[in-house]
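**Q** Provide a 3D model corresponding to the input given below.
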Amino acid sequence: MPRPRKSLVSIDATPYYHCVSRCVRHAFLCGDDVVSGKSYEHRRGWIEQRLLELADIFAIDIAAYAVMSNHYHVVLHINLDAAQNWSHSEVIECWHRLFKGSMLSQRFNKGESLSKAERDALSTQVSVWRDRLVSISWFMRCTNEAIAREANKEDEVSGRFWEGRFKSQALLDEKALAACMVYVNLNPIRACMAVTPEESDYTSVKQRIMPILGKNRSNHSAEPPALLPFVGYPRKDMPVGLPFRLTDYLALVEWTGRIIREDKRGAIPASLPPLLARLDIDARHWLYLSKHFESPFKGLVGKADQVRVVCEEQGKHWAQGVRQCETLFSSR
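**A** This next block holds a predicted model:
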């Protein structure tokens with residue numbers, strides 16, 4: 001029996017989660033349907049736009065994403081501190097961008113006076129909304145419901161568009177985070193939908209590369225405002241962001257992507273990208289992870305000892321994939 005989502009998400013363990021939603025139909029979510037001859041390629045743009053819109057509303061940042069033909073991947077970062085620092089007004093404003101809110105919140109927005117009982121009731125509502133605005137379940141729900149409505153309207157059908165539950169994996173450390181992000185961004189290359197990262201449409205890696213290739217070619221720190229920024233390696237007083245350098249990450253994506261495209265087993269260059277060397281992962285294990293990140297692990301991904309600690313905290317006796325963690329996240 002599937003475990004409740006709240007028992008699988010622990011912000012104390014990690015703020016990073018890899019989520020995957022798959023279309024339940026045999027028909028295409030996106031791309032060209034060879035049977036009907038109809039193109040659904042525009043739906044990839046729907047999903048990309050919706051993800052980036054929600055990242056501006058929720059206290060959840062997007063680290064990576066890739067929209068494929070019948071599913072999409074997204075790596076999310078829960079920014080709990082940001083949500084806790086929001087005022088009541090800010091929470092209500094964010095919630096009203098998603099839903100109508102309540103009669104009390106609408107009256108509050110109009111500047112109408114509320115009684116003490118009404119203010120207390122509104123505070124309770126705001127507390128619930130604040131929690132939802134840091135929930136990956138609510139983030140994915142708001143993404144998928146909007147896309148399902150648009151797709152059903154376009155197809156002139158009703159019923160389920162997505163599988164009942166999205167898949168999620170907790171990324172417990174830097175190794176798991178880097179491996180997952182590269183895995184996500186190289187999905188189009190593995191699927192032969194693109195040849196290079198900069199040609200991979202509807203991916204976060206293209207979003208990050210294009211400013212560098214464009215007017216800001218000399219500014220290698222240029223970052224799309226809608227994505228969680230790279231802030232460099234861990235240090236004291238580190239700002240919120242990905243614990244890598246952008247240039248190192250892009251070099252690692254390019255290096256990994258070239259080897260995947262060449263499909264030469266064992267053909268690993270002697271000189272490794274700086275980020276891979278710093279993460280201290282065996283190069284052959286890295287290449288396996290960049291192709292098969294979803295299959296070896298169920299819900300927790302990281303060093304084996306950390307997986308066991310989180311399992312114990314969640315009241316679980318065992319986690320699927322812990323032995324693979326021992327192997328794949330070991331040092332060279």
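**Q** what about the stretch 151-300 of the chain, any weak spots by pLDDT?
**A** 215-222, 261-270 (pLDDT under 70).
**Q** Repeat the analysis, applying 90 as the threshold.
**A** Low-confidence segments of the stretch 151-300 of the chain (pLDDT under 90): 151-165, 190-199, 210-226, 233-238, 254, 257-285, 287-288, 290-292, 294-300.
**Q** Tell me which stretches of it form helices.
**A** 174-185, 187-190, 204-213, 246-262, 274-279, 283-292 (DSSP state H, counting those that start in this stretch).
**Q** Throw these into TSV and include distance to F161 and mean neighbour count, thanks.
**A** In short, each C-beta sits where N, CA and C put it, glycine included. Formatted as TSV, the helices of the stretch 151-300 of the chain follow (distance: least, Cβ to Cβ, whole Å; neighbours: other Cβ atoms under 10 Å):
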stretch	distance to F161	mean neighbour count
helix 174-185	22	25
helix 187-190	20	21
helix 204-213	23	20
helix 246-262	30	19
helix 274-279	37	18
helix 283-292	27	18
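**Q** Now tabulate those in a markdown table and tack on distance to N85.
**A** Below are those laid out as a markdown table (distance: least, Cβ to Cβ, whole Å):
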| stretch | distance to N85 |
| --- | --- |
| helix 174-185 | 24 |
| helix 187-190 | 35 |
| helix 204-213 | 26 |
| helix 246-262 | 26 |
| helix 274-279 | 31 |
| helix 283-292 | 35 |
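**Q** The residue minimising distance to the centre of the chain: what secondary structure?
**A** Most central in the chain under Cα atoms, centre = their mean is V75, positioned 1.7 Å from the mean C-alpha point. What DSSP: H, G, I helix; E, B strand; the rest coil gives for V75 is strand.
**Q** wait, what's in contact with it?
**A** Neighbouring residues of V75 by Cβ atoms under 8 Å, 6 or more residues apart in numbering: 16-19, 62-65, 171, 177, 180-181, 184.
**Q** For stretch 106-119, buried residues please.
**A** The neighbour-count check on stretch 106-119 (16 or more other Cβ atoms under 10 Å) flags F108 as buried.
**Q** All good on my end, thank you.
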